[in-house]
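> heads up, no residue letters with this:
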């Protein structure tokens, strides 16, 4: 059954699931086929270069998850005031895709860092935080309606 938000949901879902496919691909490439630790390419997480990679990943995830959610909420206040429905749907789609991508980059960065730091556990936790945050960005028709019109569940 198609609703007025079906096309928006489909576009966001393509990006949403493509990121999950990317995570699986990264795990397959780095975990099974090309192991950086077997090729001497793994960085020591306690050495300066390893710490730099770890800190960059941690800072990105810590900044991107709340930052993307805050930015999206701010944009929805602007989008809810647009009167042209086609333009409103386009702006919402662009913002929703950007939100998923910003959070998804943190998960991909965490997975890559995990392998390049020789299975350094905190990078896996960073990736998990980003994946969980991305899960809460999954679109549904109801969620799209609420976000696009800048409403809360209690407003209905």
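Good, I have the coordinates. Treat the numbers as computed from the prediction; the structure is a model and nothing was measured.
> First-to-last residue distance for stretch 73-93?
13 Å (Cα to Cα, to the nearest Å).
> buried stuff in it?
Neighbour-count burial for stretch 73-93 flags 75, 76, 79, 88, 89, 91, 92, 93 (criterion: 16 or more other Cβ atoms under 10 Å). Any C-beta I mention is one placed from the backbone N, CA and C, and that applies to glycine too.
> and these as JSON lines, adding pLDDT and distance to residue 69?
Listed next are these as JSON lines, based on pLDDT from 0 to 100; distance: Cβ to Cβ, whole Å:
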{"residue": "75", "pLDDT": "96", "distance to residue 69": "11"}
{"residue": "76", "pLDDT": "94", "distance to residue 69": "11"}
{"residue": "79", "pLDDT": "94", "distance to residue 69": "15"}
{"residue": "88", "pLDDT": "94", "distance to residue 69": "20"}
{"residue": "89", "pLDDT": "94", "distance to residue 69": "21"}
{"residue": "91", "pLDDT": "96", "distance to residue 69": "17"}
{"residue": "92", "pLDDT": "96", "distance to residue 69": "15"}
{"residue": "93", "pLDDT": "96", "distance to residue 69": "17"}
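> Which two of those residues have the greatest separation?
Greatest spatial distance in those: 75 and 89, 13.6 Å, computed using Cβ to Cβ.
> Look up how far residue 134 lies from residue 102.
Distance, residue 102 to residue 134, by Cβ to Cβ, to the nearest Å: 10 Å.
> Ok, residue 27 next?
16 Å.
> which residues in the protein form strands?
Shown for the chain, no strands are assigned by DSSP state E.
> show me where pLDDT drops low in it?
Flagging of the chain using pLDDT under 70 yields the residue ranges 1-2, 36, 39, 155-156.
> list the buried ones in stretch 118-125?
For stretch 118-125, a neighbour-count test (16+ other Cβ under 10 Å) marks 118, 120, 123 as buried.
> who are the neighbours in contact with the residue lying closest to residue 53 once chain neighbours are set aside?
What sits nearest to residue 53 in space, not counting adjacent residues and going by Cβ to Cβ, 6 or more residues apart in numbering, is residue 113, at 5.5 Å. For residue 113, the contact set (Cβ atoms under 8 Å, 6 or more residues apart in numbering) comprises 53, 54, 57, 120, 123, 126.
> Thank you kindly, that will do.
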